[in-house]
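K.L.:
Output the structure for:
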Amino acid sequence: MHRMVLQLPTGPEPGWELDASRGKTSELKSVAESQVVLQSLKQSRNAWLSTVFPRFSIKTRGSRPAEVTPPPHTTKAHGKFDLHIGPHLFANTAIFEVHYLPSTTPSTMSGSGQASPQASNIPSATSSGVQSSLSSVAFPSGTYVTPALSAKVTNAAQTDPVLANLLNAVINRTANDQQVKTLGYLIQSLDNVPPVESPASAEHGAAAAPSPSAPRPFDIVLEFYEKPGERFTLPRGDVVCELATPKVPSIYRSSDLIITHCLPFPGATGFTDTSVREVVSFRLSRVSQSLWELLSTWAGGPEKIDQSRLKLIEITKAASRSFLQYRLPEGELLNEIRNAAAPPFTMKPIKPAGADSNRSKRKSVARRPTIVAVNPAPPPEIPTPVKRRSQPKMKAPLPPPIACHSCGQTDVPLMMGGSMYWSFLYVRVLIRIY
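P.N.:
Residues are numbered from 1 along each chain as shown. Here you go, the predicted structure:
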């Protein structure tokens, strides 16, 4: 979403609007009512998220063409960190290490604008693909498949159609054993035979087969949490990388990293050719040792960092500061700031009225019409049911007490006594008597 960018007035010193409007200070609104600080922070944050850094790639939906297409590359993620830029905090900012693949610039067009016959037989593969395919070829002992050998084979295939056909068959895995052996013999002969131009290219003055271009240095790419579909490049230049104590103590003993850079960045869309150079610092919270070593190498090493530090000091001394006008009078600019701070749509409640009440709604019941009879018949008598009397429950008989059969004592030891036909409990003394 494109937001409106307002040109906010600036001056050479803080509070310059008070000196410029002496005698009319009462007409100036307060800092809170002017909302200049709020609008400035919004525009600054939006610029860092969209136009300050050069764009590396952007995801598109559907069949729409991509606005930016990066060259072939490999990506390595180093994690997510909190990025501090001035008053802004960009939490969970992802950092990637991007390495570009080597590429060749084919020049097989003849002087008359027609392609040479060998152009259709050139294998469309990079040196890395050729190197992985040559691993299946049997070479004599002491011969290894190196990137230099792969580049040499790729260059020779530009002018040798037989070698190109065999190499294509090996890459596509359609070659038989005899073709693989023939390819091995041809590659072994490349050490003794220098590359020769094809007759067609020699007649028409075509250029020789190109060699792979020099490897492009790796880049550091950022992805903000607020914009997951866009990635931005952190450009090289006069950069200073140094460690600092972390703002938040960490149990992992990690440190914060401060990257000092110079604006404007080349390739960014948020600057013009007349933009003044200024120094800015980025702070990454709790970086790992591997990321610190990577960024130190990306900045050029210790010697390059010392040279960049001196250049940035000179830029800082030559730069002039400007200060915002924090208090504004009533006018067009203040109305524009108020309109920009207002929400873009009216806020309406999603819940219907009375949604929080706990009372259940009554269901509407259709009433039947009452029919009034002239001589209503008496209602039939309904016999009253006869109630049965509840019978009392019989109590269970109590067990007989355990006591002496003769004297009735219960708190003394008892013994069984009697004859073979009857037996009772007696006190021990009574048993002796009986």
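
K.L.:
rest of the way, CA atoms for contacts and neighbours
P.N.:
OK.

K.L.:
Report pLDDT for residue 183.
P.N.:
According to the prediction, residue 183 has pLDDT 78.

K.L.:
Can you tell me the closest non-neighbouring residue to it?
P.N.:
residue 166 (6.2 Å; Cα to Cα, 6 or more residues apart in numbering).

K.L.:
If you average the pLDDT over whichever strand or helix holds the one you found, what comes out?
P.N.:
Here residue 166 sits within helix 161-171, counting by DSSP states H and E. Mean pLDDT, helix 161-171: 78.

K.L.:
Check stretch 280-290 too.
P.N.:
90.

K.L.:
Just give me the neighbour total for residue 32.
P.N.:
Using other Cα atoms under 10 Å, residue 32 has 11 other residues around it.

K.L.:
ok, residues contacting the helix or strand where it lies?
P.N.:
Assigned by DSSP H and E, residue 32 belongs to helix 31-34. Identification of contacts with helix 31-34 by Cα atoms under 8 Å, 6 or more residues apart in numbering yields 37, 326, 327, 328, 329, 334, 337.

K.L.:
Buried only: go through those residues for me.
P.N.:
Neighbour counting with 16 or more other Cα atoms under 10 Å marks 326, 327, 328, 329, 334, 337 as buried within the contacts of helix 31-34.

K.L.:
Now pLDDT too, for these, in TSV please.
P.N.:
Below are these laid out as TSV (pLDDT from 0 to 100):
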residue	pLDDT
326	86
327	86
328	87
329	86
334	86
337	85
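
K.L.:
from those, which ones fall inside strands?
P.N.:
Residues from the buried ones among the contacts of helix 31-34 lying in strands, with DSSP state E as the criterion: none.

K.L.:
Show me which of those is closest to residue 416.
P.N.:
Taking Cα to Cα as the measure, residue 416 lies nearest residue 337 of these, at 112.0 Å.

K.L.:
hang on, the closest one packs against residue 37?
P.N.:
No. Using Cα atoms under 8 Å, residue 337 is not in contact with residue 37, being 10.4 Å away.

K.L.:
Show me the strands in the stretch 1-150 of the chain, by range?
P.N.:
10-11, 55-58, 73-85, 88-100 (DSSP state E, counting those that start in this stretch).

K.L.:
Going by distance to residue 12, which of the contacts of helix 31-34 wins?
P.N.:
Nearest to residue 12 among those, counting by Cα to Cα, is residue 326 at 13.2 Å.

K.L.:
that older thread, who are the packing partners of the helix holding residue 166?
P.N.:
Counting contacts by 3 or more Cα pairs under 8 Å, 6 or more residues apart in numbering; DSSP states H and E, helix 161-171 is packed against helix 127-133, helix 177-188.

K.L.:
go again using 7 Å as the cut-off
P.N.:
helix 177-188 (3 or more Cα pairs under 7 Å, 6 or more residues apart in numbering; DSSP states H and E).

K.L.:
ok, so what distance separates residue 10 from residue 16?
P.N.:
9 Å (Cα to Cα, to the nearest Å).

K.L.:
Okay, and residue 231 sits in which element?
P.N.:
Per DSSP H and E: strand 230-234 holds residue 231.

K.L.:
Parallel or antiparallel, list what pairs with that strand.
P.N.:
Sheet pairing here is set by DSSP bridges, and for strand 230-234 it gives strand 55-58 (antiparallel), strand 219-223 (antiparallel).

K.L.:
Out of the ones you listed, the one nearest residue 177 is which?
P.N.:
Nearest of the strands paired with strand 230-234 to residue 177, taken as Cα to Cα: strand 219-223 at 42.8 Å.

K.L.:
Just the helices from the stretch 301-434 of the chain, written as ranges.
P.N.:
301-318, 332-341, 428-433 (DSSP state H, counting those that start in this stretch).

K.L.:
Could you list the single helix or strand in this protein with the lowest mean pLDDT?
P.N.:
One helix or strand of the chain scores below all others by mean pLDDT, DSSP states H and E: helix 199-204, with a mean of 42.

K.L.:
so can I have CSV of the strands of the stretch 1-150 of the chain showing mean pLDDT?
P.N.:
Shown next, in CSV, are these (pLDDT from 0 to 100):
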stretch, mean pLDDT
strand 10-11, 86
strand 55-58, 90
strand 73-85, 91
strand 88-100, 92
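
K.L.:
Pick the most deeply packed of those strands.
P.N.:
Most buried of the strands of the stretch 1-150 of the chain, by mean neighbour count (mean count of other Cα atoms under 10 Å): strand 55-58, with a mean of 19.

K.L.:
Render the CA-only coordinates of it in PDB, please.
P.N.:
C-alpha atoms of strand 55-58 as PDB (Å, rounded to 0.1, in the frame of the first residue of the first chain):
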ATOM      1  CA  ARG A  55      15.500  -4.700  -3.900                       C
ATOM      2  CA  PHE A  56      16.900  -8.200  -4.400                       C
ATOM      3  CA  SER A  57      13.700 -10.200  -5.200                       C
ATOM      4  CA  ILE A  58      10.000 -10.000  -4.800                       C
END
